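# What would the 3D arrangement of this be:
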Amino acid sequence: AELAVKTIHVVSAADPNLPFLLEDASRSDTLLNAEGSEYVRVGQDTRLDNRVVDLRTPANMAIFTVQSGVCALFREILMSKGFQEIHTPKLIAGTS
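All right, here's what the predicted structure looks like:
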């Protein structure tokens, strides 16, 4: 079944401006420290306060790609040796 939207009401609009640009967060220290550099430096506090945006930088994405590959390799090897992956319920709520 398809939906035919007649009206839509925005309860809370998101700010269209990101706290920093991915290009600014992706620049190397070499470029940032170059004499006469006019690039914007994104501080650690800004990155941590806006972690959702920071995780999309090429460096972080590369880390996730390697991490995913390593986990997949370990999973494949263990499965081929007869191990079974289980997911136990959380006994204590919250981050751990």
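# need the contact list for the residue most central in space within the chain.
The residue at the geometric middle of the chain, judged as the C-alpha nearest the mean C-alpha position with Cα atoms, centre = their mean, is residue 55 (2.8 Å). Residues touching residue 55, when contacts are defined by Cβ atoms under 8 Å, 6 or more residues apart in numbering, comprise 61, 64. The way it works is simple: take the backbone N, C-alpha and C, and place the C-beta from them, glycine included.
# Can you report how many residues neighbour residue 57?
Here the number of neighbours of residue 57 (other Cβ atoms under 10 Å) works out to 19.
# Now for it: which residues touch it?
22, 25, 26.
# so what's the first one scoring on pLDDT?
When you say that, I think you mean residue 22. Confidence at residue 22, expressed as pLDDT, is 92.
# cool, and the last one?
Reported pLDDT at residue 26 in the predicted model: 92.
# May I have the phi/psi pair for it?
With angles defined as degrees, to the nearest 10, residue 26 sits at phi -90, psi -10.
# What of the second one?
When read as degrees, to the nearest 10, the backbone of residue 25 gives phi -70, psi -20.
# distance of it from residue 90?
Applying Cβ to Cβ, to the nearest Å, one obtains 33 Å for the distance of residue 25 from residue 90.
# In terms of packing, which of the two has more residues around it?
Using other Cβ under 10 Å, the more surrounded residue of residue 25 and residue 90 is residue 25, with 22 against 7.
# Hmm, that one is touching residue 43, no?
No: judged on Cβ atoms under 8 Å, residue 25 makes no contact with residue 43 at a distance of 10.0 Å.
# about what we covered before: quick one: the contacts of residue 57 as a markdown table, columns for distance to residue 8 too.
Output for the contacts of residue 57, formatted as a markdown table (distance: Cβ to Cβ, whole Å):
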| residue | distance to residue 8 |
| --- | --- |
| 22 | 29 |
| 25 | 33 |
| 26 | 35 |
